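Q: Using only what follows, build the 3D model:
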Amino acid sequence: MIGMKIKTSLLAVFLLFVASTSFAAIQNTKHDLSFFTTAWPGSPSYQTDETHVCIFCHTPHGGSLSGPLWNRSNPAAGAFTMYNSAYAWKTELNSVATVNDESLLCLSCHDGSIAVNSLLNTGNILGGQPNVLENYGSPTYIAGTTGSSKRTGGTQDLPNSTGHLEDDHPISLNYVNAVSDQTVNGTNALQTLAYAKGQGIEFFGNNQEFLECSSCHDVHDNSFPPFLIMSNSGSGMCLSCHIK
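A: Down below sits the predicted model:
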């Protein structure tokens, strides 16, 4: 019984450490939308009147089951036009019709179809949805909507549109099938799954074979902007999967 209590206490300490570490990692990055953020200097800004940092993605009670204590509604999995190709690994790419949950979590903000301050459970202090104090004209505008950058759901011609992934790196594809495709088509442009994993690329799904947004991005760590999982100097991260 005493041993069980010790294990429970250690688990509680571990979870608290993980939570505090994640908080420290995103504080004052562009994933920090709180009132105290310094990541959005001047105008336009995504500072809000919400004092909590984590609430924009997580809630301690009554969260959505689509993510870890998830505090947001996700766009529909089939609401996107997906990337396809007439070239290598075309069979797998052209078979992808929906986005998996792991990437939908990211797209709940970055597609621009759901306001970044639209939460399932609001904070106790405000008692309502956070207010965006300054923004690009709409709280749905996120992930770069000025200058040459486009939000993920937009296109070159319609940068403020939503649901368009045909001009973005493919996601929710089975990497093993893609590697098999290139063998069938006589190409050699992708590393093996084992090699990519060994380089630090993370894959998802029951068999850990699916490439998602989080394969290349870490929402809690901006050591390598923009929230990359590793340095891409010399295209090093790209070459973890691609052979050039």
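
Q: lowest-pLDDT helix or strand in this protein?
A: helix 2-26 (a mean of 49; mean pLDDT, DSSP states H and E).

Q: residue contacts, the residue most central in space within the chain?
A: With distances taken as Cα atoms, centre = their mean, the residue of the chain nearest its centroid is residue 106 (3.4 Å). Counting by Cβ atoms under 8 Å, 6 or more residues apart in numbering, residue 106 makes contact with 152, 213-214, 217, 219. Bear in mind the C-beta positions are built from the backbone N, C-alpha and C, glycine included.

Q: low-confidence ranges in this structure?
A: Along the chain, the model assigns pLDDT under 70 to residues 1-24, 41-45, 134-151, 185.

Q: Could you count how many residues lie near the closest residue to residue 88 other than its chain neighbours?
A: For residue 88, ignoring the flanking residues on the chain, the nearest one in space by Cβ to Cβ, 6 or more residues apart in numbering is residue 187 at 4.3 Å. Residue 187 sits with 13 neighbouring residues when counted by other Cβ atoms under 10 Å.

Q: same check, this time on residue 87
A: 10.

Q: Please report the distance of it from residue 186.
A: Look at residue 87 and residue 186: by Cβ to Cβ, to the nearest Å, they are 11 Å apart.

Q: Let me see the ranges of the helices in this structure.
A: Taking DSSP state H to define them, one finds helices in the chain at 2-26, 90-93, 101-110, 175-184, 193-198.

Q: Buried residues of the fourth one, list them for me.
A: Right, the one you point to is helix 175-184. 175-179, 181-182 (16 or more other Cβ atoms under 10 Å).

Q: now swap in stretch 182-195 and tell me
A: Those would be 182, 190-191, 193, for stretch 182-195 by 16+ other Cβ under 10 Å.

Q: for stretch 198-214, same thing?
A: 201-204, 209-214.

Q: Output these in CSV, with distance to residue 95 appended to each entry.
A: Output for these, formatted as CSV (distance: Cβ to Cβ, whole Å):
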residue, distance to residue 95
201, 21
202, 22
203, 17
204, 17
209, 14
210, 13
211, 14
212, 16
213, 19
214, 21
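
Q: any idea which of the residues you listed is closest to residue 130?
A: The closest of those to residue 130 turns out to be residue 213 (Cβ to Cβ; 23.6 Å).

Q: what's the spacing between the closest one and residue 175?
A: Distance from residue 213 to residue 175, by Cβ to Cβ: 14 Å.

Q: again with residue 85
A: Counting by Cβ to Cβ, the gap from residue 85 to residue 175 is 15 Å.

Q: for residue 113, same thing?
A: Taken as Cβ to Cβ, the span from residue 113 to residue 175 is 27 Å.

Q: Also residue 210?
A: Taking Cβ to Cβ, one finds residue 210 at 7 Å from residue 175.

Q: Give the residues shared as contacts by those two.
A: residue 203.

Q: What are the boundaries of the strands in the protein?
A: 173-174, 210-211 (DSSP state E).

Q: Distance from the chain centre to the last one, please.
A: It stands for strand 210-211. 13 Å (Cα atoms, centre = their mean, to the nearest Å).

Q: One more: stretch 214-232?
A: 10 Å.

Q: Just the buried residues of it, please?
A: 214-219, 221-222, 227, 229.

Q: Next: stretch 78-91.
A: 79-80, 82-83, 88-90.

Q: quick one: which of the residues you listed is nearest to residue 102?
A: residue 80 (14.3 Å).
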